[in-house]
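**Q** give me coordinates for this.
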Amino acid sequence: MSQEKTGNTTLRYSDEELNEFKILFQQNLEAAEVELIRLNLLIEGKNKQDLEEKYRDMEIDQLIFFIKRHQELIGHLKKSLKRIDDKTFGVCRVTGQLIEKEMLLALPHGNKN
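**A** All right, here's what the predicted structure looks like:
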């Protein structure tokens, strides 16, 4: 974990490491946006199908759940990318300490980054 001191001994990830995060998160963002489009198209198809109403409604509810989940993920990834640009990504807001890289890769939009 590489660290840089800025000003009053605040730690942060190096520009190179932030760029690695940025590339990965941009790829994840693109994939999530494509999946969101796919899910929305599925809902449109379900609405047009002549399925029994109760089964169609259950499938649509499930799709809506996944759409909301992807919308949240997209929002979190965009916020993480903004923090990368601000060079504050990966720094705990409470302690000011660096969050472990493995944790950030596993959950880039956790509450502590």
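**Q** so the closest residue to residue 22 other than its chain neighbours versus residue 47, what's the distance?
**A** Distance criterion C-beta to C-beta, 6 or more residues apart in numbering; nearest residue to residue 22, sequence neighbours excluded, is residue 84 at 4.8 Å. Bear in mind the C-beta positions are built from the backbone N, C-alpha and C, glycine included. Distance of residue 84 to residue 47, given as C-beta to C-beta, to the nearest Å: 38 Å.
**Q** compare those two (neighbour count), which wins?
**A** residue 84 (24 against 10; other C-beta atoms under 10 Å).
**Q** that's a strand at the more buried one, yeah?
**A** No - read with DSSP: H, G, I helix; E, B strand; the rest coil, residue 84 is helix and lies in no strand.
**Q** that one: what's it in contact with?
**A** Residue 84 sits next to 18, 21, 22, 25 when contact means C-beta atoms under 8 Å, 6 or more residues apart in numbering.
**Q** next up, the contacts around the residue nearest the centre of the chain.
**A** Residue closest to the mean C-alpha point of the chain, counted by C-alpha atoms, centre = their mean, is residue 77 at 3.1 Å. Residues in contact with residue 77, defined by C-beta under 8 Å, 6+ apart, are 25, 28, 29, 32, 108, 109.
**Q** average model confidence for the helix or strand where the second one lies?
**A** Under DSSP states H and E, the secondary-structure element containing residue 28 is helix 15-48. Within the predicted structure, the mean pLDDT of helix 15-48 is 91.
**Q** kindly report the same for stretch 68-82.
**A** In this model, stretch 68-82 has a mean pLDDT of 95.
**Q** CA-only coordinates of it in PDB, if you can.
**A** Extracted as PDB, the C-alpha positions of stretch 68-82 are listed here (Å, rounded to 0.1, in the frame of the first residue of the first chain):
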ATOM      1  CA  LYS A  68     -32.900  -0.400  -8.200                       C
ATOM      2  CA  ARG A  69     -29.800  -2.400  -7.100                       C
ATOM      3  CA  HIS A  70     -28.000  -1.500 -10.300                       C
ATOM      4  CA  GLN A  71     -29.000   2.200 -10.100                       C
ATOM      5  CA  GLU A  72     -27.500   2.300  -6.500                       C
ATOM      6  CA  LEU A  73     -24.300   0.500  -7.700                       C
ATOM      7  CA  ILE A  74     -24.000   3.000 -10.500                       C
ATOM      8  CA  GLY A  75     -24.400   5.900  -8.100                       C
ATOM      9  CA  HIS A  76     -21.800   4.500  -5.700                       C
ATOM     10  CA  LEU A  77     -19.300   3.900  -8.500                       C
ATOM     11  CA  LYS A  78     -19.800   7.500  -9.800                       C
ATOM     12  CA  LYS A  79     -19.200   8.800  -6.300                       C
ATOM     13  CA  SER A  80     -16.100   6.600  -5.900                       C
ATOM     14  CA  LEU A  81     -14.800   7.900  -9.300                       C
ATOM     15  CA  LYS A  82     -15.300  11.500  -8.100                       C
END
